[in-house]
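S.K.: Here is my input, please return the structure:
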Amino acid sequence: MKNARLFEILYLLIEKREITAGELARRLEVSERTIYRDVDALSAAGIPVFTQKGQGGGIRLMDQFVLDKALLSREQQDEILFALQAILATGGAEEGETLSRLSALFRKEGGDWLEVDFTDWGSGAAERENFSQVKRSILGRRPLSFTYYSSAGEKSRRTVEPARLVFKGGCWYLSAFCRKKQDWRIFRLVRMEDLVLEEESCLPRQRPEQLEAPLPAGCRGVDLRLRFTPFVAWRVRDYFHPREITPQPDGSLVVNCTFPEDQWLLSFLLSFGSQLQVLSPDCWRDILRAELKKTLEIYETGQTLSGLRAYPDVRGEGTDPAQHKEVFPMEERKFCQCCAMPLDRSEDRGTEAGGALSEDYCRYCYQNGAFTAPDATMDDIIAFNLKFNEENGHPFGPQEEAEKMMRGWFPTLKRWRKG
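M.R.: As a prediction, this is how the structure comes out:
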């Protein structure tokens, strides 16, 4: 404790060059007699500190006392101060006391030369508080509990053992061991709410080498060939690796890339508007055409968003499922008429008795002209799909909504259609 107080006195003297014993005593919460003993200890250690009595007196440090000349070059001092300023700006430190002390020690101004804010406009305070809580959890090796919203909108309460913070793709992520899933997971900080730092401590775990979240089972990638106009070339070069981009004589850019085939991909492609043309595969040209057609109907026909559905309306019990109508033009895309799996690729289709590809069923449901599970009921298939949804991150949305959608749609599929 005494050594810490001696360093505190030395820092203050370097910063102020002169200070009274009374001010030091109040600041360090000790008596003036203790301060004078500490000054004697500093003097005995070779620090040129002395006291001056009378009006205007106090404890002084000789002007020629500058530690930095013996320890660090001017360039090294600048590098240390700049590095501390960067850490402070990014949120890695909660206050600038260390920076102030070293600036005083080097007799330099650290400067307010850098400001970094990784948060979105209008959401800074909450995200910075989350960042601070997560940082304390990692450094203190304490579990962290929070409410989390998945990309599908599902809300859950998690308790995790945080390992590291990662800034990737313009967002902060937490890599942590999830006690609920008993496995490593990646959480986006902006989706975390009601953070609570637990009192217990946790032992460090062996972290996975790879940060990337693996694709859920059944979520495949799609090879895309895209053409972009020169007006969005800056965005293209931000998103894609140079080896994926082929400049064209007319200034456009052709990109060959692979993405997970999910709702995010649709949103990403639509964000380029008329500056993008999907060259292949044809099924994604159809998907974008259908989505743009739906958007056009909102403005041309005055329909509300709730009037446009990707799947049939869910009717009450006792109604005729065959009368369900789809407002969204899903007929441009084929689905298995047993389990509703998309049939975008020929290899996904089942086979007829003669070996020809089936027009109606997938390879999991139909082989050689017969159903692979002839005794299965519609409820069995729905239960299987819901289990898949639960185990693979809810690609069909939260369980309740997914089941509601399936029970409205499946009765319209060929295998389950009545009559």
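S.K.: hmm, who's touching stretch 135-143?
M.R.: The contact list for stretch 135-143 (C-beta atoms under 8 Å, 6 or more residues apart in numbering) reads 91-92, 144, 159-165, 179, 197-204. (C-beta placed from N, C-alpha, C; glycine too.)
S.K.: I meant stretch 21-35, not that one.
M.R.: 5, 8-9, 12, 36, 39, 51, 58-59.
S.K.: Show me which of these are buried.
M.R.: 5, 9, 12, 39, 58-59 (16 or more other C-beta atoms under 10 Å).
S.K.: so which pair among those is furthest apart in space?
M.R.: R5 and G58 (17.6 Å; C-beta to C-beta).
S.K.: Please enumerate the helices of this protein.
M.R.: With DSSP state H, the ranges of helices along the chain come out as 2-16, 21-28, 32-44, 68-71, 74-90, 97-106, 124-140, 233-239, 263-270, 282-301, 378-391, 399-409.
S.K.: Domain-wise, how is this structure divided?
M.R.: The chain breaks down into these domains under automatic domain parsing: 2-61, 68-106, 124-197, 221-301, 321-412.
S.K.: List the buried residues of stretch 229-239.
M.R.: 229, 232-233, 236, 239.
S.K.: Out of the residues you listed, which comes closest to D380?
M.R.: Y239 (42.1 Å).
S.K.: mind checking pLDDT for the closest one?
M.R.: If you check Y239, the pLDDT there is 80.
S.K.: one step back: could I get the helices of the chain in a markdown table, plus columns for distance to K418?
M.R.: Output for these, formatted as a markdown table (distance: least, C-beta to C-beta, whole Å):
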| stretch | distance to K418 |
| --- | --- |
| helix 2-16 | 82 |
| helix 21-28 | 84 |
| helix 32-44 | 92 |
| helix 68-71 | 86 |
| helix 74-90 | 62 |
| helix 97-106 | 74 |
| helix 124-140 | 52 |
| helix 233-239 | 48 |
| helix 263-270 | 31 |
| helix 282-301 | 28 |
| helix 378-391 | 10 |
| helix 399-409 | 14 |
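S.K.: mean pLDDT lowest for which of these?
M.R.: It's helix 68-71: among those, that one has the lowest mean pLDDT, namely a mean of 44.
S.K.: coming back round to it: among the contacts of stretch 135-143, which ones are buried?
M.R.: Applying 16+ other C-beta under 10 Å to the contacts of stretch 135-143 flags 91, 144, 160-163, 165, 202 as buried.
S.K.: Among those, which ones are in strands?
M.R.: 144, 160-163, 165 (DSSP state E).
S.K.: what's the most distant pair in those residues?
M.R.: Top of the distance list for those (C-beta to C-beta): E161 and L165, 13.8 Å.
S.K.: so can I have TSV of the buried residues of stretch 229-239 showing distance to N130?
M.R.: Below are the buried residues of stretch 229-239 laid out as TSV (distance: C-beta to C-beta, whole Å):
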residue	distance to N130
T229	39
V232	33
A233	35
V236	32
Y239	27
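S.K.: Wait, N130 touches M192, no?
M.R.: Yes: counting by C-beta atoms under 8 Å, N130 touches M192, with 5.5 Å between them.
S.K.: For E359, list the residues it contacts.
M.R.: E359 sits in contact with 334, 349, where contact means C-beta under 8 Å, 6+ apart.
S.K.: what's the distance between it and A402?
M.R.: 26 Å (C-beta to C-beta, to the nearest Å).
S.K.: likewise I9?
M.R.: Separation of I9 from A402 (C-beta to C-beta): 66 Å.
S.K.: Equivalent analysis for W172, please.
M.R.: Taking C-beta to C-beta, one finds W172 at 29 Å from A402.
S.K.: do R33 as well
M.R.: Relative to A402, and taking C-beta to C-beta, R33 is found at 74 Å.
S.K.: what does A370 give?
M.R.: 28 Å.
S.K.: more crowded one of these two?
M.R.: A402 (20 against 11; other C-beta atoms under 10 Å).
S.K.: Need the phi and psi values for the closest residue to the more buried one other than its chain neighbours.
M.R.: Excluding the flanking residues, the one nearest A402 by C-beta to C-beta, 6 or more residues apart in numbering is F396, at 4.1 Å. Backbone geometry at F396, expressed as degrees, to the nearest 10, gives phi -100, psi 10.
S.K.: Next up, the contacts around F396.
M.R.: Here F396 is in contact with 385, 389, 402, 405-406 (criterion: C-beta under 8 Å, 6+ apart).
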